[in-house]
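Enquirer: requesting a structural model of the entry that follows:
(2 chains)
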Amino acid sequence: MFIRLAIKSLLDRKGSVLVSLLAMSVSIFVLLGVEHIRHQTKENFSNTVSGVDLIVGARTGSVNLLLYSVFRVGNPTNNIRWDTYKKIASSRKVHWAIPISLGDSHKGYRVLGTSADYFRYFSYGDKRLLEFKEGRAFKDLFDVVLGAEVARKLNYRVGDRLVLAHGMASTSFSLHEDRPFDVVGILSPTGTPVDQTLHVSLAGIEAIHMDWQHGVKQPNSSTSIDDFDGVELQPESITAFMLGLKEKMATFRVQRGINNYKGEPLLAILPGVALSELWQMMGVLEKTLLLVSVLVFLAACLGVSAMLLASIRERRKEIHLLRVIGASPRFLFFLIQLEAFLITFLGVILGLLLLMGCLLLSRDYLIETFGLHINISIFTSNSAYMIFMVFAASFIVAALPSFVSYLRASKGLD
Amino acid sequence: MAITIQNVQYSYPSHPKRPVLNIPSWSVSEGEKTFLYGPSGCGKSTLLSALSGLIKTTGILTVLGQSLTEMSTNQRDEFRAQNIGFVFQQFNLISYLSAIDNIRLAGGFGHRDRSDTIDQEIKSLLANLNIAPAEWGEPAKNLSIGQQQRIAIARALINKPQLLIADEPTSSLDHVNRDAFMTLLMNIVDEHKMTLLLVSHDMSLSNHFNRVVSLNEINLAGRRS
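Expert: Next comes the predicted model:
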């Protein structure tokens, strides 16, 4: 009867309750949404690369190198020479090396020129290696392996043929039309930028740029696909490379050696350290967002409190009647608290549904625009903690109207 | 005795030096039907609040053999729920609850909701008071004042109280409904052998009672005002 009384009392004040409920839902949506996206982004970034001891590129900022080599965000400042790569990769301390060549795209998705070692050694998440959903790694010059998202969104299957574009723009007029690639493999989803990448061999990258200068195809080019038969194409430069070392203890020594390399200015970074730097940079923004969402939530809580306080004045006769038929001041205190709890509970449910709906609708946009894989399932220990805090905050702010009701009843004023 | 008062005094916290109740001595016997009257502001509502334990007074205030002045707030609330029935002029019912829920709520405070027969008792009370079954589930605000008054009587009776307090119960009723209400109330009081204390300024009701008291005669504070 106690719960029924609270529910019917709220239903009797539909208008003001609905406004409070909407304010509460939106604030919970913002609070949990910011926290979920923050948590997911961090997890996504941390899971993108694992098992890589060093990333090497032309001298730039460590965060910039991490962003363009791993997250395919931004552009490299310069390339590094192929012979530099070969020299470092052949060091006795190096277990494996993966070259990376960026600069081309296909319908907005980046093309990564690399070696077959990429499929053997590159790992993500909890040191998980890449797996093929269909097909195999590239072997021939014009073979391409698609990331899961590229294949899904562009509806490609093994055996399909596609043309790469010069540059990163989603709509490019500089197409390598005369040298199309055959899809030979599709990778399983990883939830990392690998899913939005097309992988080709370094030789393939060289081949499509034959007869091109400064991003433009030379008018009198005469090289045909048949001319590449039996020719070993070797790049002059690459964008960056990843290193796996034989002994982890040697990481700092190798890093120092590369940073002091005399042949050309290089930068070697530890991915974990660069990620921490990235998060430190994001920290202020992250905290500001969290603070704003907490303030929005507090405003909604105060709104509920004000509504309940006003309702006590409106319901003086009802509260007096309850007292006369035997309701104790404690009963009235918990009745007001239960009403606040019900509004918060419904607010949490609506807020969660709203958040799940928005995540579902914006999932593709977040992947395509920011490369962010946001999980729709928002039930984590973090969100459970947040929800617990929401209920605790609502209990505290409802304490004022509840206590007013208790006090008035105790003094016989109602 | 159903009610015994000795040297009872009460002042509102906002005006501690201006007592609204100052009754040296007064009592009501068990089974007595008392009509209490007096002008506005003479302390009628305050006396009823004191008798029901809603406010704590000084002096000796005993209801149905229990000293209210020695009870805690919770004890007074329980005592009120289990032993005293109330009928008011208006706002007798929680407007958004049905007749059945209003009565069940009062039953809950008197711990009658644990009884297996409570629903049957509620229906039987409503039927005896001529409330049509179609109206039992209607929110109270959809019912007429007369129907609400009768449901209020049913609500007052659900915990089988020994004392029934009625505060201006007929003020909102026309002559026909007023007479019908009084006849019904008196029949119920006789049937359940309850003590009745009815407060009103409508002296025409006094002929239903075996005792008529002016509050000004017993309340010295009221007499001064």
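
Enquirer: the longest helix along chain B - what's its average pLDDT?
Expert: In chain B, assigned by DSSP state H, the helix with the most residues is helix B:175-192. Helix B:175-192 comes out with an average pLDDT of 84.

Enquirer: tell me who's in contact with the residue in chain A positioned nearest to chain B.
Expert: With C-beta to the nearest C-beta, the shortest gap between chain A and chain B falls at A:Gly326, namely 2.5 Å. Just so you know, the C-beta spots here come from the backbone N, C-alpha and C atoms, and that holds for glycine as well. Residues in contact with A:Gly326, defined by C-beta atoms under 8 Å, 6 or more residues apart in numbering or on different chains, are B:77-78, B:80-82, B:106, B:109-110.

Enquirer: swap in 10 Å and give it another go.
Expert: B:52-53, B:76-84, B:86, B:105-111, B:159 (C-beta atoms under 10 Å, 6 or more residues apart in numbering or on different chains).

Enquirer: go on, A:Ser46?
Expert: A:Ser46 touches A:124-125, A:271-272, A:275-276, A:279, counting by C-beta under 10 Å, 6+ apart.

Enquirer: for the longest helix of chain B, the distance to its chain's centre please.
Expert: Centroid separation for helix B:175-192 versus its chain: 14 Å, with C-alpha atoms, centre = their mean, to the nearest Å.

Enquirer: cool, stretch A:328-341 as well?
Expert: 43 Å.

Enquirer: repeat for stretch B:75-86
Expert: Relative to its parent chain, stretch B:75-86 has a centroid offset of 11 Å by C-alpha atoms, centre = their mean.

Enquirer: so which bits of it are buried?
Expert: For stretch B:75-86, burial by neighbour count (16 or more other C-beta atoms under 10 Å in any protein chain shown) applies to B:76-86.

Enquirer: swap in stretch A:180-195?
Expert: So for stretch A:180-195, counting by 16+ other C-beta under 10 Å, buried means A:180-181, A:183-187, A:189-195.

Enquirer: need the pLDDT of residue 2.
Expert: Reading this off chain A. pLDDT, A:Phe2: 82.

Enquirer: my question was about chain B, not that one.
Expert: Reading off the model, B:Ala2 has pLDDT 85.

Enquirer: can you count the residues close to it?
Expert: For B:Ala2, the neighbour count with other C-beta atoms under 10 Å in any protein chain shown is 21.

Enquirer: how about the contacts made by the closest residue in space to it that isn't next to it in sequence?
Expert: Nearest-residue entry for B:Ala2: B:Thr195, 4.0 Å, with adjacent residues in sequence omitted and distances by C-beta to C-beta, 6 or more residues apart in numbering or on different chains. B:Thr195 is in contact with B:1-3, B:28-34, B:63-64, B:84, B:161-165, B:189, counting by C-beta under 10 Å, 6+ apart.

Enquirer: 7 Å instead?
Expert: B:Thr195 is in contact with B:2, B:28, B:30-32, B:162-163, counting by C-beta atoms under 7 Å, 6 or more residues apart in numbering or on different chains.

Enquirer: and the next helix or strand after the longest helix of chain B, average pLDDT?
Expert: Proceeding N to C from helix B:175-192, the next assigned helix or strand is strand B:195-199, under DSSP states H and E. Average pLDDT, strand B:195-199: 92.

Enquirer: quickly run through the sheet partners of strand B:195-199, with directions.
Expert: strand B:33-37 (parallel), strand B:163-167 (parallel) (DSSP bridges).

Enquirer: pLDDT weak spots in the chain?
Expert: Assuming you mean chain A. Applying pLDDT under 70 to chain A flags the ranges A:168-173, A:177, A:211-231, A:367-372, A:411-414.

Enquirer: the intended chain is chain B.
Expert: Using pLDDT under 70, the flagged stretches of chain B are B:113-116, B:222-225.

Enquirer: please repeat the previous calculation with a cut-off of 50.
Expert: Applying pLDDT under 50 to chain B flags the ranges B:225.

Enquirer: which residues does the closest residue to A:Leu266 other than its chain neighbours contact?
Expert: Closest residue in space to A:Leu266, ignoring its immediate chain neighbours: A:Ile258 at 5.3 Å, by C-beta to C-beta, 6+ apart. A:Ile258 is in contact with A:56, A:88, A:266, A:268, counting by C-beta under 7 Å, 6+ apart.

Enquirer: surely A:Ile258 is in a strand?
Expert: No: looking at A:Ile258 with DSSP: H, G, I helix; E, B strand; the rest coil, it is helix, so not inside a strand.
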